Each structure stands twice: as C-alpha cells, then as structure tokens.
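K.L.:
Give me coordinates for this.
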Amino acid sequence: MTQANASVVALPAWKPAVSKLSPASAPYPRLGATIVPGGVDFAVVAPLATSVELCVFDSPHPDAHETRYRMNRGEAGVWTAHLPQAGRGTIYGYRADGRWDPEGALSFNPYKLLLDPYGRGIEGSVELSPEIHGHEVNKHLDPASTPLRMSTTDSATKMARSVVIDNHFPVVDQPRTPWNETVIYELHVKGFTQNLPGVPPELRGTYAGLAHPATISHLKALGVTTIELLPIHAKWDEPFLTKRGLTNYWGYSTLSYFAPEPSYATKQARRSGAQAVVDEVRGMVSILHEHGIEVLLDVVYNHTCEGGFAGQTLSWRGLGQSMYYRHTSHRPAHMIDDTGCGNTVNFDEARVVQMTLDSLRYWSEEIGVDGFRFDLAVTLGRFATGFTARHPFLVALSSDPVLSKQKIIAEPWDIGPGGWQTGNFPLPWSEWNDRYRDTIRSFWLADFANLEAGRPTQGPNDIATRLAGSADLFSSSLGHMRPARSSVNFVTAHDGFTLHDLTTYNHKVNHANLESNGDGTPRNLSWNHGIEGHSRAKTLSSTAHNGNGDTILLDPIFYARERSMRNLLATLLLSTGTPMLVAGDEFGRTQQGNNNAYCQDSEISWLHWDFASWQQDMFDTTRYLIALRRIHPVMRPTTFATGRIQPGDDITDLSWYTASNRAFKPENWHQVEHRTLQMLRSGTPFGDCDLLVVFNGTLNVAQVTLAEGRGDNYRLVFDSSWSNPQAGGAVHDASDHSFCDLVEPLTEVHIEPQSLQIYLTERENLEFD
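P.N.:
All right, here's what the predicted structure looks like:
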C-alpha cells in the first residue's frame, strides 16, 4: 500500500491475507465468478493494483466471518483464483491494494470491501456511512481534508456482497415481434402492480407480480407488444436522497451491471437469497414470453452510483478509478461529468467496452430479455474528442451476433459537449425522437395556448415531417439507409408530465421532491386549457375560479382536455415510426403535476386502477387505436415515403392537402391558416386501404373537402371528439374488416376545433390475415 504525500500522515499498515489460492482453472477465465468442476473460478480486472484479495463470507449476515485469499496476477491485469469446494450461493467480494493518489485518479484502499463488477447476484445492502468512503470524512460525510486522506476503517459490515449464481433452467424463447408491429409500453416494476387489483398482496410491486395473470390481462387487452422496464439493475440511492428520506425510485443509479435489483423481488425470494431473486426475474421474462410479450430493459451504462470525486468506494473506483471513469488529463485530475450524476463511465477503455458488452449478452442470453433502451447513450459513443457513430462500442454492438438481433434503442443525448445526437446512431439502433415529442406537444397544446391568448403561433410544417417518420433525422446514417422504425415516437416518458398532466398543468408541481420546485424542466409545451390543475380525478366541484377570480365551468374544460389526450394518442399511433406509450397514459393517470418523480416511491408514481367512467373511455379509445394500427399496415409503414407514385400504384405514397382539397404548396406550410390539413397515405404498398387523416389545429369548426385520392369512398373510423369509439358509431372491434367496405360516399365534412379524424377507403380484392 502506497500513498502520495505519505509523509504528511502515518497510516496503519494493512495486513495482507496469508493464504493464496491457485489460479483459475482456465488460462483465460471468464470475468466474474464461474462454477467449474471442483469449485468456482474468480477473475477480476485491476491492472494498476499491486495485490487483490478474494474475500469469502460464511453467511449473509453483515457481521459474517470473512476469509481472505490472495489472488494471482495474470495477463493484462486480470487477477484470478480457484476456490475449491465452492459453488452456487458462495458470498464474496474483493479488496484491492495499490497507490493512493486521488489527484492522479488512483484510489486503491484495501480496507474497503468491493463488489465484483461482474457479480450476478447481490446479498445485503450498502449502508450510507463513513466506512464506505475510501477517504476520511466528517460527520456530514464530506471530505475531512484536502487533498483526500485515505480512510483505514473497514467497510465490510456496511457493504453488500456479491453472490455466485448458477442459472439452471431455460428461459422461454423470445417472441421476436417485428419492429413495424411493435408498440412499446414503458413501466416501472413496482409502480405498475403496487395497487393492481387481482395481484395478491405478496406479489404486488415485484417481478412475480409483473408476470401475474392480472397484469398480463391488462397488457393483452390494451394491445401493447413490448414492455420497457425502468432500470432493474441493482441500484444504490444517492446520499442526498437518503438524507432527505427519499429514494431513487426510477433506479438510474447503478450498483451492478449484472445483478438484478433485489428490492423488486418477493419477500420469499429475498429470504431465499440472490439465486432466488435471479430465478424470479428469469421466470418473469419466461411467462411474459409465453404470452407473446417482449421485455426491454432501460440500462444505465453512462455512470454509476459511486458519485463524483468525493464519492463512495463500492466497486469500480476501488479496482481502478482511472480505468473505469473519465478524468481530465491534468493534475489534479477531475472526474468528467457528462451525465449530471457526478461521474462518466470511460468508454475510451477497452475493458469498459468489454464489460458493457458482456453485461448486455448476459441479460440477453441468460436472463432472456429482448433488448435495451440506453440512458444517455451519447456517452457510450464519445471519445475525449467527441461523439462518433464509429465508436468501437457502437461498432462492436452492431456486429455482435447476439446483440445486433436485439431491439436496441438510444436516448440520443447527454449534457456533454456535442450532446444532442438524435438521428446519428448507426444500424441496428433505433432512437427516442425528442423532436417528435416537442412537435406533437406544440401542435396540439402549446400552439393552442398561443392561439387562445392571441399570440403568434406556427403553421403545420414540422408536424408533417414528424408524422412521416422524421426522415430529416433518420433516413440515413454513415451512408446507409435506415428503416422508418428508427424513430421511436413518444409524447410522454417516465421523465416529464404524464399525458393527463400535459393537458392540466402549465407549470410543474415538484415540491414533494424537496428541492424547492427547482428540479425538472420548466419547458413542458403543455396547456392547462384555461385553469391550472383541477384534475377530474381530484375535483368534485363543477366550477372553479381562475387567476382573475372569474368562475369557470369545469365540464367543458374536462372535455377539451380529454379530447387533447385523444389527439395526442391518435397522432402517436398513426405516425410512421415505432410508438411508445407510458403506463397509465391509456387511462389518464396523473402525477399531480410532478414532472420529475424520480424520487417518489409513493402514490404520486404508483398507478391507480379504480377507473372513473372517463378513464374507462380513455382506455377503450387507446386500445381501439392500437387495434387499428395492428390490423391496418397502412398505419405503420416500414419505409419512408417519397412523395412519388410507386410502381403499381396510381396515387403518391404520401400527399398533403389543404381543407379545400388543394395540394399543399411550399408557402402553405408556414401559414397559420393552414393548420387545418389532410394527410393521405396510399395503402397499395401495404395491400391495405388508403388512410386519410384530417387535422383541425384551429379554434374554429372547419369545413373540409376530403382529398379525392383515387376516387374511392371514405369511411370515418375515428374522431377525437368521440369520448369513446362506440359513441361515434365505430364498431367495437377494430379488427372488423368492414372498415374497408363501402358504406356511403363522403366528400364534405365538418370537424370540431382542436380535433382530428381518421378515414379509411373502400378497396376491392383486399385480403387480410
């Protein structure tokens, strides 16, 4: 053990382990813990350490007896050991010695027990305390000195431990839902089932609860194909949240890239140990697969829970801070923070790229998940010189025989230099489309707020681009054509207002986060429709008073808000690209105006299933629109339109018309008077009806001469003014193919203010599966 400036203070000598194990049985062992004949092989990367010890515990108790063994340095800084007679359930950790020089980005400290970065299971929990810091701290857990002075208190009793796992049963095969049939549904494991009727109390808020028949019944009734789980990698809450009595509910604070979060397992599984927790996760995935439902994971490889320069020593920092985290090149070295979370994982390093790919393959092959959404994915493709689509990690993933077949989705931004990269990821990536989100919100909400206030607003130029798949962003990358599914379209996500709150609040209400309402974005592009708050779910009165003291009738406002929600849902589900919904939006869930509920493990975040009649209407509308999309491929193109007539057709693949049935001219796109417009999408390339959508983005009833198209007759199949599809005369089952049957000619129609209508045409000789 060495320390920079060691003459400043004398430290007690660390007593290394006496016993030394033989090297791993394989010359190039798999990193982590691997069960082999006669025992377990352990391998961990720590190239700058002078010694590494394997620490084995005889029970899960924090005070369990610890036996330490010296490991063997191998090639490229890999330390290995073979532990005879060990097997599944062995509880262990590491200690690493080396140079203590935080200003040089080295923080080796053998007094600190470290989790295995490749550990597949976790036992116990990390306790916020002085002991888990590699440096000395004061009573507030702030550094006791500058430069940092090495702590000599043992952290073992305050630390979680890694556990040897053996995945011993197969997971049901992946459904492999085609991209153009995919409807993503983002949810939180706990929040989704915490109050779900039909799920037994002991299963609520758990992995098992997510696989319960009551949960699957809702997912199947709604019609979504793919659930995207907020992070389920093991996590540790940020100290500032712990001090406030809050938690990182969303889970974007990773403690392990291989182990699942134990708190989402049933009590029975947690009592049985880490293997039972992993088994519950794999069982959940299997059951969902049996019902044709894919499982995507939201993953956070851009930063870890170890915090910034004065953070904790839990795993990666103690094995090689300079390897795992990005730092400035000068001395004293500062941790680079491109994530807003204190540190940035160092994708300049081959070992970091390897760890991430190994983690993704493990979750794909052994846990069985169907893909991943990468939080702040730009960080994973950035060198010190900036982001590149040719980054080794992106290239490796794209060429990997396992991962390249998964559904891979980027959140294409972070807060680092050049952090906005929407549209710049290579195949096979799809990307969250924030331009889509902002445009659709603006057209249906923020622009109407401007119109009502007499302020200038925009024409329909940008909404047309977004409805057509955002080809300006996604049509190509690195010289290769990209498919239309590359744009993951969304109006809401876990961060930000819910769909209901977008129509109810102009301003965030985040006081429960205990940050003086200073967190969360102030730019919501929302519209309260005339009065702030007064959610229908929370309001019993039929009137309220606005800021001027005027009495406001609430029923018309509630109707207008619900119509806005239907506009947003319908637009999402008829747009070219891959749609993503957030759990609860299908029935108007509220977070009471909180647009950053990351720390709200409470009624604010949990879904409530006691539907009012308007919520049942909203659910019926959403499932109807999803069914329309599923049955009619014209609503889900696989390629970008060209605006030209395709071979075998006699109308253009996509065309735009004014309310008077005139083809749009270039100057019309920026004119407010043309916010009533029509989109005609040919069904011939899909063997389907033609699709005509009429948008009224104005405050007035509009008279529209329907686009002539090929001269076929139109049938109205959806109107956002309908509170329920049945209320407007639509058939109950959207799969009824009579949608494409001749009913009556329609040429002139009226459309309510702030609404849209969907029409399908009568065509001959159509065949449906």
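K.L.:
When you work out contacts or count neighbours from here on, use the C-alpha atoms and nothing else.
P.N.:
Noted.
K.L.:
Any chance of the backbone angles for the residue nearest to the spatial centre of the chain?
P.N.:
For the chain, the residue nearest the mean C-alpha position is Asp298 (4.3 Å; Cα atoms, centre = their mean). Main-chain torsions, Asp298, degrees, to the nearest 10: phi -80, psi 120.
K.L.:
Run through the residues that contact it.
P.N.:
Each residue near Asp298 by Cα atoms under 8 Å, 6 or more residues apart in numbering is listed here: 228-232, 372-375.
K.L.:
Can you flag which of these belong to strands?
P.N.:
Secondary structure defined by DSSP state E assigns 228-229, 372-374 of the contacts of Asp298 to strands.
K.L.:
any idea how far Pro460 is from the closest residue to Asp142 other than its chain neighbours?
P.N.:
Nearest residue to Asp142, sequence neighbours excluded (Cα to Cα, 6 or more residues apart in numbering): Ala310, at 7.6 Å. Using Cα to Cα, to the nearest Å, Ala310 is found at 50 Å from Pro460.
K.L.:
go on, Ala76?
P.N.:
In this view, Ala76 and Pro460 are 58 Å apart by Cα to Cα.
K.L.:
again with Ile122
P.N.:
52 Å.
K.L.:
So between those two, which is more surrounded?
P.N.:
Neighbours were tallied for Ile122 and for Pro460 using other Cα atoms under 10 Å; the higher tally belongs to Ile122 (30 against 21).
K.L.:
What lies in contact with the strand or helix carrying that one?
P.N.:
Assessed by DSSP states H and E, Ile122 sits inside strand 121-123. For strand 121-123, contacts defined as Cα under 8 Å, 6+ apart pick out 60, 91, 160-165, 234, 258-260, 262, 273-275, 278.
K.L.:
Same check on stretch 198-215?
P.N.:
For stretch 198-215, the surrounding residues in contact (Cα under 8 Å, 6+ apart) are 189-197, 216, 263-267, 280-281, 283-285, 287-288.
K.L.:
Could you tell me which of these belong to strands?
P.N.:
When DSSP E is applied, these are split such that none fall in strands.
K.L.:
Could you write me a ChimeraX select line covering just the buried ones among the residues you listed?
P.N.:
Buried subset of the contacts of stretch 198-215, written as a ChimeraX selection, criterion 16 or more other Cα atoms under 10 Å:
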select :189,190,191,192,193,194,195,196,216,263,264,265,266,280,281,283,284,285,287,288
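K.L.:
picking up where we left off before, okay, and the beta partners of the residue nearest to the centre of the chain?
P.N.:
Arg373 (DSSP bridges).
K.L.:
okay, it: pLDDT?
P.N.:
Note on Asp298: pLDDT of 98.
K.L.:
One more: the one 5 residues further on?
P.N.:
Each residue has a pLDDT score; the one for His303 is 98.
K.L.:
any idea where the strands of the stretch 101-250 of the chain begin and end?
P.N.:
Secondary structure of the stretch 101-250 of the chain by DSSP state E, counting those that start in this stretch: the strands cover 106-107, 121-123, 161-163, 184-187, 226-229.
K.L.:
right, so these: which one is the most enclosed?
P.N.:
Among the strands of the stretch 101-250 of the chain, strand 161-163 has the highest mean neighbour count (mean count of other Cα atoms under 10 Å), at a mean of 29.
K.L.:
for that strand, what is the average pLDDT?
P.N.:
For strand 161-163, the mean pLDDT works out to 98.
K.L.:
Same check on stretch 192-203?
P.N.:
98.
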